[in-house]
Each structure stands twice: as structure tokens, then as C-alpha cells.
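Undergrad: Here you go, sequence then predicted model.
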Amino acid sequence: MNPNVKLARPEILTLQSYVYAAWDHRYERMHANENPWRAAGDNSLLGLNVYPESPATALHARLAELYGVALYQVLAGRGSDEGIDLLIRSFCRAGKDSIVICPPTFGFYRVAAEVQGAGVIEVPLLRSSSGFALNTDKLLQACKSNESVKLVFLCSPGNPPGNALNAAAMLNVCRELNGRALVVVDEAYIEFTGRPSFTNLLADHPNLVVLRTLSKAYALAGARCGTTIADAEIISVLARVIPPYAIPTSTVESVLEATAPEQRARIAEQIQTLISERGRLAEALRQCALIRHVFPSDANFLLVECSDADAVFNAARSVGLVVRDQRKQPQCGNCLRITIGTPEQNKRLLQGIRDAEKKSQVSA
């Protein structure tokens, strides 16, 4: 038995999962109180008038193949957000247990913890001109001195920092916390790094959990499909908590089509285009007077520190674009996050910033 399973809430470990209306495809459906007719405009293969298969066997098989893991190691959810929520609800008792986050980082970790009534312990990343890094010593100290810690969330590449965290440092955290806490590595942007996924290391680290998503590289943000990947016993715990029929039929069919083997060359080409544009945009932004610093990025966005963040934000809006204000994030004063767009969008953004600089010079 994986000793890390014992970290879960005791009531979850004894929970009897909801029994959904299983279906044998040899028979017509008169067992799930569904409408026998399709809705107007329903072009799905299965039909939206019937419940999707639960668990979504074909979807899970595809995700396992896509990420190179066993079928029993994956659980699909409505975006990575659902994986985060399931982990916190399954492993954190309200008012008793805690998570650790390393700001600046993805804001939903905190939101999900606070909804559950779990504590949030912050161990800030170390900022330098070359990016953000784990403060490994303080992170381990915080976890070992506080028995309430059940989950450590490490976003790599980070959002909003952009750079990937040091792999050796993350593995050291996994080793040191085995049996004490799960280490959740959020790899939402891993496809843009050229680096191997931590899914390759699951066999050696039973407390490791990896989050993946199809929202970024696979252009399926609107389909809402993320994957939690972990040891089979951890996945079994989460599967008890996820609602039945959680993944809509439209999502399943969209994912199966978009991730088909014949589509992957096109996806790989788009990823390379975004990586190339990332480098080109970063270099051009470094030449802009309104941009003080461009942080290194392994993701599909750039974190930039501005001399005048309002001016850059408004410059983007002046050419019909919107960027993300990150000034409320710790260590991100005067910072904006710019998603890499099409070559035309990136060119338009640069033109807007240059026009703003010219106006500033004239008014001065």
C-alpha cells in the first residue's frame, strides 16, 4: 500500500462512491431517466440527451496514451482546477489541515483551500533577474515543522513567473516529504519547455502528483479537460469524490478528435511557432522604453516589469488587445503578463507600445 494514501481524510477513505447507471451497449437505454429524443441542434455522436459514459473510459485511455502512463494512473476532470479541488477536498480536513504554496503562483490553489476551510502556508519564491526559484530549505522547514501540511503545490513553469523550477530541487522536496505530504507539480505549460514531464518519475516517488491540461498547447481551453496523474491508490481516492458523469459528452468527443495521432504534428508545429514568437516578442520588448525587464519564460506567456504598467496596459487596449495585470501578485509590482499571440497580434502589441512611447516623448 502507498503510505501516502493514509494522508487522506479518514471519512474519504471509507466513503462509498456514488453508483451511476452503468450501461451495456447491447441494450437500448431505459434505465437512467433520460429524454429519449435528441435536443435541437445536437450534432454529437453519442447524443446529449443521454448521460456520458462514467467513468469516461475512452477519454481516460486516450489521456493515458497521450501522457505515457497507465490507465489506472489518470483521472480526467473539468480542467486542472477540478484536480486541485479534488486533492484539497480529499486530503484536507476543514480547520485542521493546510496546503503550501509558493507565490507568486496560480491563484486557484488558495481559493480551493479557503473554500474547503484548509489553511494556506506561503513560502515565497526567490526572485532574481534570471527568474524565480524555490526556497527549498524554507519550504521543507515549513512542512516538517507543521504536521497539518498535506499538500505542496509547485507550479512549473510558474504562473505568472513563466520559468520552470529546478527539477532537482522539486525532486528533493518529493523525497523529503514522502509519507508526510503529497507534492503536486502543476505542468499546465510543460509542452512549451522542451523538458520531460514529471510523469516519468511517478514510479520512484509515491507522493508525487502531476497535473496536466489540454487548455494551453492543445487549444481546448473551452472544452475544460485536465488530468490528474498519480499512483493508482491516490487516483482511487480522488475518484470517490468526483461527481458522476463529470465530463460532458461534448468534451469527450472534442478531446478524442483534437488529440488523435494524426492531429499531433499540427499541434507540435503550433507549439514551435509559439516558442519562436515568444523569443521574438521578448527580444522586441527588451528594446521598449516602457519595459524595464522581461523575465525568462518556458511558457506561452511573458512576465514583464514595466516602468509604467498603466501605459503598457492601455497601449495594448488601444490596438484591441488585453493583457493581464499582475501587480497584486507578490514580488510582481509593475508587472504585466502577456500571452503569446499570433504573429499579427504580437506585432500589433509592439506597435501599440511604441506609439505610446512616442506620445510620451512628445508630451514630455
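TA: Right, received. Where do you want to start? Numbers count the residues shown, from 1 in each chain.

Undergrad: So Q16: helix, strand or coil?
TA: Assigned by DSSP: H, G, I helix; E, B strand; the rest coil, the conformation of Q16 is coil.

Undergrad: May I have the predicted confidence score for it?
TA: For Q16, the pLDDT comes out at 87.

Undergrad: Over to V362?
TA: For V362, the model assigns a pLDDT of 61.

Undergrad: can you check H25 too?
TA: Predicted confidence (pLDDT) for H25: 83.

Undergrad: Name the surrounding residues that touch the helix or strand containing F153.
TA: Using DSSP states H and E, F153 sits in strand 149-155. Residues external to strand 149-155 that are found in contact with it (C-beta atoms under 8 Å, 6 or more residues apart in numbering): 7, 84, 87-88, 91-92, 97-102, 105-106, 109, 118, 121, 134, 139, 142-143, 165, 170, 173, 177, 180-186, 188. For the C-beta atoms, the positions are set from N, CA and C on the backbone; glycine is no exception.

Undergrad: Among those, which ones are in strands?
TA: The strands in this structure, assigned by DSSP state E, contain 98-101, 121, 182-186 from the contacts of strand 149-155.

Undergrad: I'd like to know which of these is nearest to A311.
TA: Distances from A311 to the ones in strands among the contacts of strand 149-155, taken as C-beta to C-beta, are shortest for I101 (31.1 Å).

Undergrad: ok, now which ones touch that closest one?
TA: The neighbourhood of I101, defined by C-beta under 8 Å, 6+ apart, consists of 109-110, 120-123, 153.

Undergrad: Kindly recompute the last result at 7 Å.
TA: 109-110, 120, 122, 153 (C-beta atoms under 7 Å, 6 or more residues apart in numbering).

Undergrad: related to what we said a few turns ago, averaged pLDDT, the strand holding F153. What do you get?
TA: Computed over strand 149-155, the mean pLDDT rounds to 98.

Undergrad: E253 in helix, strand or coil?
TA: Following three-state DSSP, the label given to E253 is helix.

Undergrad: Distance of it relative to L66?
TA: Using C-beta to C-beta, to the nearest Å, one obtains 16 Å as the distance from E253 to L66.

Undergrad: that older thread, who wins for neighbours among the contacts of I101?
TA: Sorting the contacts of I101 by how many neighbours each has (other C-beta atoms under 10 Å) puts F153 first, at 26 neighbours.

Undergrad: and it, bridged to which residues?
TA: Residues in a beta bridge with F153, per DSSP bridges, are V184.

Undergrad: tell me which of the ones in strands among the contacts of strand 149-155 is nearest to C306?
TA: Nearest member of those to C306, counting by C-beta to C-beta, is I101, at 25.3 Å.

Undergrad: what's across from that closest one in the sheet?
TA: Each beta-bridge partner of I101 is listed here, defined by DSSP bridges: E122.

Undergrad: Mind pulling the model confidence for it?
TA: You'll see I101 listed with a pLDDT of 98.

Undergrad: Could you pick out the longest helix of the chain?
TA: Scanning the chain for the helix with the most residues, using DSSP state H, yields helix 264-286.

Undergrad: The worst-scoring helix or strand of the chain on mean pLDDT packs against which elements?
TA: The weakest-scoring helix or strand in the chain, judged by mean pLDDT, DSSP states H and E, is helix 343-363 (a mean of 90). Contacting helix 343-363 under the criterion 3 or more C-beta pairs under 7 Å, 6 or more residues apart in numbering; DSSP states H and E are the following elements: helix 264-286, helix 309-318.

Undergrad: For the first one, which outside residues touch it?
TA: Taking contacts as C-beta under 7 Å, 6+ apart, the residues outside helix 264-286 that touch it are 191-192, 217-218, 291, 294, 297, 300, 302, 304, 340, 343, 346, 350.

Undergrad: Beyond that helix, next helix or strand please.
TA: Downstream of helix 264-286, the first helix or strand assigned by DSSP H and E is strand 291-294.

Undergrad: Can you list the strands that that next one pairs with?
TA: Next to strand 291-294 in the sheet, as set by DSSP bridges, lie strand 301-306 (antiparallel).

Undergrad: since we're on I234, how many residues are nearby?
TA: Counted with other C-beta under 10 Å, residues neighbouring I234 total 27.

Undergrad: And for W37?
TA: A count of neighbours around W37, defined by other C-beta under 10 Å, yields 9.

Undergrad: I'd like the distance between it and L45.
TA: In this structure, W37 and L45 are 16 Å apart, going by C-beta to C-beta.

Undergrad: Ok, Q351 next?
TA: Relative to L45, and taking C-beta to C-beta, Q351 is found at 44 Å.

Undergrad: Ok, N33 next?
TA: Counting by C-beta to C-beta, the gap between N33 and L45 amounts to 22 Å.

Undergrad: Kindly report the same for I121.
TA: 46 Å.

Undergrad: Of those two, which one has the most company?
TA: The residue with the greater number of neighbours, taking I121 and L45 and applying other C-beta under 10 Å, is I121; the counts read 17 against 9.

Undergrad: The more buried one contacts V100, doesn't it?
TA: Yes: contact criterion C-beta atoms under 7 Å: I121 and V100 qualify, at 4.8 Å.

Undergrad: Backbone dihedrals for I229, both of them.
TA: Dihedral angles of I229 (phi, psi; degrees, to the nearest 10) stand at phi -120, psi 130.

Undergrad: Name the SS class of E53, please.
TA: Using three-state DSSP, the secondary structure recorded for E53 is coil.

Undergrad: Perfect, I'm done here.
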